[in-house]
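> What shape does this take:
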Amino acid sequence: MRARKLLAVAVLTVLLAGCSEDPASRPAASDVTTVARDQVRDGGTLRWAVETVPATLNVFQPEATADSELLAEALLPHLFRLDDHARATADPDYLAAAESTPAGQTPQTVTYRLNPKAVWSDGTPITAADFTAQWHALGEGADPAYRSDHPAGYAAISAVTQGADAHEVKVTFKQPYAGWRTLFSPLYPAAATATPAAFNQPLTNAPSAGPFTVKTYDRDGGKATVVRNPLWWGDPAKAEAIDFVATPAAKRLDALDQGALDIAALTDSVDHATPADPKTSAAPPDAAALAEASAQALRRAEALPGLKLYRAAAPSFAQLTLNGTRGPLADPAVRRAVARAVDRQRIADAAVTPLGLAAVPLGHHLLMAGQDGYQDNSSAIGTTSAAELLDRAGWHTGGAARTKDGKELALGLLIPEGSASARRVADALTAELAAAGITLRPQAVPAESFLRDHLATGEYDLALFSWPATSDPAGASARYSKPRPGPDGLPVVGRNYARTGSEEIDQLLAAAGAELDPAARQAVLQKADARIWQLAHSVPLYQRPDLVAVRTGVVNVGAFGFATPRFQDLGLRRS
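The predicted model follows:
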């Protein structure tokens, strides 16, 4: 699974509809120049930009980043591959078969039939011991000495055992778990996970089991080099090596122009471009200056010689979170009024159109537009206008903004500092809420304090940021789960920064996570999403654009969307 790290603030910078969206209106799910392997040259080194050489390749450690996950895809087993619609299929390089007991049969048991050729790069076979150690590290009741975010799913497992022989693994669940295909991806060798001491170490040199293996890992020098794995049993890697080069977003256009990179994600480079002539004052650049800098960066990216810019919808989405415990927003009617006042099409136009993609508003909290079952459920919030909702809640007109008991209806809006798209969205939101009589006061906040000082503490009214999407929608339930009292009696927020929830939503998300019948599961997900809309917990806005520059002649790479890259197919096109 292409997992994404928890929160994308550093990157960013309203009844059921009853029918699916027209596929023609959806954003591009992926944009990749795909050619057959026999059209790819053997040899050569590709240079791929990363923000930094990651501190660890263990994606379950708190220090892991999206770059950790990128390298892990080249080096480690991922039992299932995703297509660009987030549909999972078993990867034959690792699995000869994988089957779960059918819906209604308990306990749920998944039987993995391992590819008998699959070995770690030190020659050790991949076995049930690797699965067992990873479950013990990540599952319910794991030794608290394991430093991990404990991803969803592992806690549902009751046992991992060897099956009929050394190439069969059986995983038994305490309760059904529909997202079982997301587990053990990536899979780590038992030596790296069997003890807290081993698990907690920064992972940079453990055995791999992919088409590539690590040759050098130089964090200080800013480059990690992976080379062909001599013990790889699948299709051999076309490229001889891949250099992952630490290149911050602000420097990528220059590095591409200078011929120093072959592959570079440019969404942040464009969205956070610095104005060429910054003001001499200490004030941050205004929206117009940010927009012009972003436009210039995009034009430059499109015109770089010997490169092509790929565009697709990223597996992440921008949304507006409403803090349900703060001021006027503690009233559900006011939250619904805010949600009704938001014109999601206008927002998408403001954020996405300038980057050259179709502006398609997102209408689901749990599914992206390209995923099976997606539909726009925003009508669940009802048809009552924002003005009428506010009238009923006692907020009356009498000037530029509504008032109640002598207090003005004014809300702060938290946005990521330096993001042109966030400023455009903030301007649109300010106008939309003003039309309903709500004064909006945007505040740009540095990425490093966005979560720590605001979302985590509740010091905000509205917040604009991005969440990663997931192939297992029920796996995102922590964002919407009702906060529960902790040992001190205070609510434990977790990832639900809106701080609102309901028993019904929790029950629906739990039911979706345990429903093995795909059609029944979709029905539960739609109902859960409708209830989240009705709670006015947050407003999904649009899928974020994914812009990737690739040097001409480099093939089988681009803007992948949800799709899992097949690293062994990357390389230079035969002339």
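> In which helix or strand does residue 351 reside?
helix 344-352 (DSSP states H and E).
> quick one: the residue nearest the centre of the chain and residue 32, what's the gap?
The structure's the chain has its C-alpha centroid closest to residue 468; by C-alpha atoms, centre = their mean the separation is 2.0 Å. Separation of residue 468 from residue 32 (C-beta to C-beta, to the nearest Å): 20 Å. In this view, the C-beta of every residue, glycine as well, is placed from N, C-alpha and C.
> Same check on residue 268?
In this view, residue 268 and residue 32 are 20 Å apart by C-beta to C-beta.
> Same question for residue 498.
Relative to residue 32, and taking C-beta to C-beta, residue 498 is found at 35 Å.
> returning to that earlier point: can you tell me what sits against the helix holding residue 351?
The set of residues that contact helix 344-352 without belonging to it, under C-beta atoms under 8 Å, 6 or more residues apart in numbering, is 27, 318, 358-363, 378, 421, 424-425, 427-429, 432, 539-542, 545.
> Which of those are buried, as a PyMOL select command?
Filtering the contacts of helix 344-352 down to the buried ones (16 or more other C-beta atoms under 10 Å) takes a single PyMOL command:
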select buried, resi 27+318+359+360+361+362+363+378+421+424+425+427+428+429+432+539+540+541+542+545
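> Which of the contacts of helix 344-352 fall in helices?
Using DSSP state H, the members of those that fall in helices are 421, 424-425, 427-429, 432.
> so can I have a markdown table of these showing distance to residue 314 and pLDDT?
Putting those into a markdown table (distance: C-beta to C-beta, whole Å; pLDDT from 0 to 100) gives the following:
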| residue | distance to residue 314 | pLDDT |
| --- | --- | --- |
| 421 | 12 | 96 |
| 424 | 17 | 96 |
| 425 | 16 | 97 |
| 427 | 22 | 96 |
| 428 | 20 | 97 |
| 429 | 21 | 98 |
| 432 | 24 | 97 |
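> Closest one of the residues you listed to residue 400?
For the ones in helices among the contacts of helix 344-352, the residue nearest residue 400 by C-beta to C-beta is residue 432; the value is 14.6 Å.
> In terms of packing, which of residue 498 and residue 32 has more residues around it?
Residue environment comparison for residue 498 versus residue 32 gives the larger neighbour count to residue 498, 25 against 19, counting by other C-beta atoms under 10 Å.
> The more buried one: what secondary structure?
The local conformation at residue 498, judged by DSSP: H, G, I helix; E, B strand; the rest coil, is coil.
> just residue 192 next, same as before
Remark: residue 192 carries the secondary structure label helix [criterion: three-state DSSP].
> The residue nearest to residue 142 when sequence neighbours are not counted - how many residues pack around it?
Setting aside the residues directly before and after it, residue 142 is nearest to residue 136 in space (C-beta to C-beta, 6 or more residues apart in numbering), at 6.3 Å. For residue 136, the count of nearby residues is 20 (other C-beta under 10 Å).
> Would you mind pulling up the elements that the helix or strand residue 136 falls within packs against?
Taking DSSP H and E as the criterion, residue 136 maps to helix 128-138. When contacts are defined as 3 or more C-beta pairs under 8 Å, 6 or more residues apart in numbering; DSSP states H and E, helix 128-138 packs onto strand 157-162, strand 168-173, helix 190-193.
> could I get the ones you listed as JSON lines with distance to residue 97 and mean pLDDT?
Converted to JSON lines, those look like this (distance: least, C-beta to C-beta, whole Å; pLDDT from 0 to 100):
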{"stretch": "strand 157-162", "distance to residue 97": "16", "mean pLDDT": "97"}
{"stretch": "strand 168-173", "distance to residue 97": "9", "mean pLDDT": "98"}
{"stretch": "helix 190-193", "distance to residue 97": "22", "mean pLDDT": "96"}
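> Any idea which of those gets closest to residue 70?
Using C-beta to C-beta as the measure, helix 190-193 is the one of the helices and strands packed on helix 128-138 that comes nearest residue 70, at 18.5 Å.
> Quick check: what element follows the closest one along the chain?
Downstream of helix 190-193, the next assigned helix or strand under DSSP H and E is helix 196-200.
> next one: phi and psi at residue 337?
Taking degrees, to the nearest 10, you get phi -60, psi -40 for the backbone angles of residue 337.
> What about it, how many residues nearby?
Other residues near residue 337 come to 30 when the count uses other C-beta under 10 Å.
> switch to numbering from 736
Right, with 736 as the first residue, what we last looked at is residue 1072.
> what residues are up against it?
Applying C-beta under 8 Å, 6+ apart, one finds that residue 1072 lies in contact with 1121-1122, 1124-1125, 1128, 1171, 1173.
> picking up where we left off before, the residue nearest to residue 877 and residue 930 touch, don't they?
No - under the criterion of C-beta atoms under 8 Å, residue 871 makes no contact with residue 930, lying 9.4 Å away.
> packing partners for whichever helix or strand residue 1256 is part of?
Mapping residue 1256 onto the secondary structure by DSSP H and E places it in helix 1253-1270. With contacts defined as 3+ C-beta pairs under 8 Å, 6+ apart, helix 1253-1270 has these neighbours: helix 1067-1076, helix 1238-1249.
> Walk me through which strands the lowest-mean-pLDDT helix or strand in the chain pairs with, and which way each runs.
Comparing every helix and strand of the chain by mean pLDDT, DSSP states H and E singles out strand 1226-1227 as the least confident one, with a mean of 88. The strands that strand 1226-1227 pairs with in its sheet are strand 1219-1220 (antiparallel) (by DSSP bridges).
> what sits up against the strand it pairs with?
By C-beta under 8 Å, 6+ apart, the list of residues contacting strand 1219-1220 from outside reads 1226-1227.
> And stretch 1162-1177, by the same measure?
In contact with stretch 1162-1177 (C-beta under 8 Å, 6+ apart) are residues 1022, 1055, 1072-1073, 1075-1078, 1081-1082, 1085, 1121-1122, 1125, 1130, 1132, 1135-1137, 1143-1148, 1150, 1158, 1161, 1197, 1199.
> Kindly supply the PyMOL command isolating those of these that are buried.
Those of these that count as buried under 16+ other C-beta under 10 Å are selected in PyMOL with:
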select buried, resi 1055+1072+1073+1075+1076+1077+1078+1081+1082+1085+1121+1122+1125+1130+1136+1137+1143+1144+1145+1146+1147+1148+1150+1158+1161+1197+1199
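> Look at stretch 923-934 and report the distance between its end residues.
One end of stretch 923-934 sits 10 Å from the other (C-alpha to C-alpha, to the nearest Å).
> how distant is stretch 1260-1274 from the center of its chain?
For stretch 1260-1274, the gap between its own C-alpha mean and the chain's C-alpha mean amounts to 19 Å (C-alpha atoms, centre = their mean, to the nearest Å).
> pLDDT of it, averaged?
Predicted confidence along stretch 1260-1274 averages 98 (mean pLDDT).
> Name the surrounding residues that touch the helix or strand hosting residue 784.
Residue 784 is part of strand 780-785 when elements are defined by DSSP H and E. Counting contacts by C-beta under 8 Å, 6+ apart, the residues outside strand 780-785 that touch it are 802, 805-806, 959, 974-982, 987, 990, 995-1000, 1289, 1305-1306.
> C-terminal to that strand, what's the next element?
The helix or strand immediately downstream of strand 780-785 is helix 801-810, counting by DSSP H and E.
> Would you list the strands that the next helix or strand after that next one pairs with, along with their directions?
Tracing the chain C-terminally past helix 801-810 and defining elements by DSSP H and E, one meets strand 815-817 next. Using DSSP bridges, the strands paired with strand 815-817 in its sheet are strand 823-825 (antiparallel).
> in the partner strand, what's buried?
Neighbour-count burial for strand 823-825, counted by 16+ other C-beta under 10 Å, picks out 823, 825.
> contact partners of it?
Applying C-beta under 8 Å, 6+ apart, the set of residues contacting strand 823-825 from outside is 736, 814-818, 832-833, 916-917, 1206.
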